[in-house]
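Chemist: sequence and predicted model, in that order:
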Amino acid sequence: MIKLTDILQELSTTKKDILGQGFEHNVYPSKDPNKVIKVGETKYVKKWVEEFKSRPDLFPIIYKTGLDKDDPSIMYVVMERLDTEQFEVDFDVLDSILEDGILDIIKRAERSEDYFNKIVNQVKQQDEEIADFFIKLYNNVVETKQFRSGLFSVYDFHKGQFGYDKKGNIKCLDL
């Protein structure tokens, strides 16, 4: 079991390349290849961390959170590492099949089951696996969009916002 002091020491004493970043955080690798460490200002991290904890089926699993002992305005989150590379490949394939933007299609499909079925059938004709990908992505987006209300004004949708867990489920990385 990793102790809080080990995580803070790892972040402060080990030079780490940033795996990714958002407007309000940086993501670093962990010693454990199945985890990442997301670091940001406490006031922003607290906006999403409880939502992530409440729905590990939609968001990466949260293993640990803590405050920087020297600067409590900085918070870290140790969380499940997702496969973003394969997700981006599948997203690009889906994007090449569909004529309109994926988010616009998902929004229209939310309003019409017939339209949803039409899109699924259109994608299935070209690639069965990508049709399954579309359905999983659609389900995640529909579910995670509800979390942004009250937290953030805009749903930040792009292919870098998602990844696969070890079981192949799509999870949203950021709200």
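Modeler: Received the coordinates, thanks.
Chemist: first-to-last residue distance for stretch 62-80?
Modeler: 7 Å (C-alpha to C-alpha, to the nearest Å).
Chemist: name the residues that touch that stretch?
Modeler: Stretch 62-80 is contacted from outside by 2, 4, 7-8, 11, 30, 34-43, 45-46, 49, 52-53, 56, 60-61, 165, 171, using C-beta atoms under 8 Å, 6 or more residues apart in numbering. All C-beta atoms are positioned from the backbone trio N, CA, C, and that covers glycine.
Chemist: my guess is residue 162 contacts residue 87. True?
Modeler: Yes. Using C-beta atoms under 8 Å as the test, residue 162 is close enough to residue 87 to be in contact (5.4 Å).
Chemist: now do the buried residues in stretch 112-123.
Modeler: 116, 119-120, 123 (16 or more other C-beta atoms under 10 Å).
Chemist: same check on stretch 131-143?
Modeler: Buried, per 16+ other C-beta under 10 Å, within stretch 131-143: 131, 133-138, 140-141.
Chemist: for this protein, give me the ranges with low pLDDT.
Modeler: Within the chain, the segments meeting pLDDT under 70 span 1-16, 23, 148-156.
Chemist: quick one: contacts of the top helix by length along the chain?
Modeler: Taking DSSP state H as the criterion, the chain has its longest helix at helix 128-148. With C-beta under 8 Å, 6+ apart as the test, helix 128-148 has contacts from 48, 51, 55, 58-59, 90-91, 93-94, 97, 102-103, 106, 109-110, 116, 119-120, 123-124, 154-155, 157, 162, 169-172, 175.
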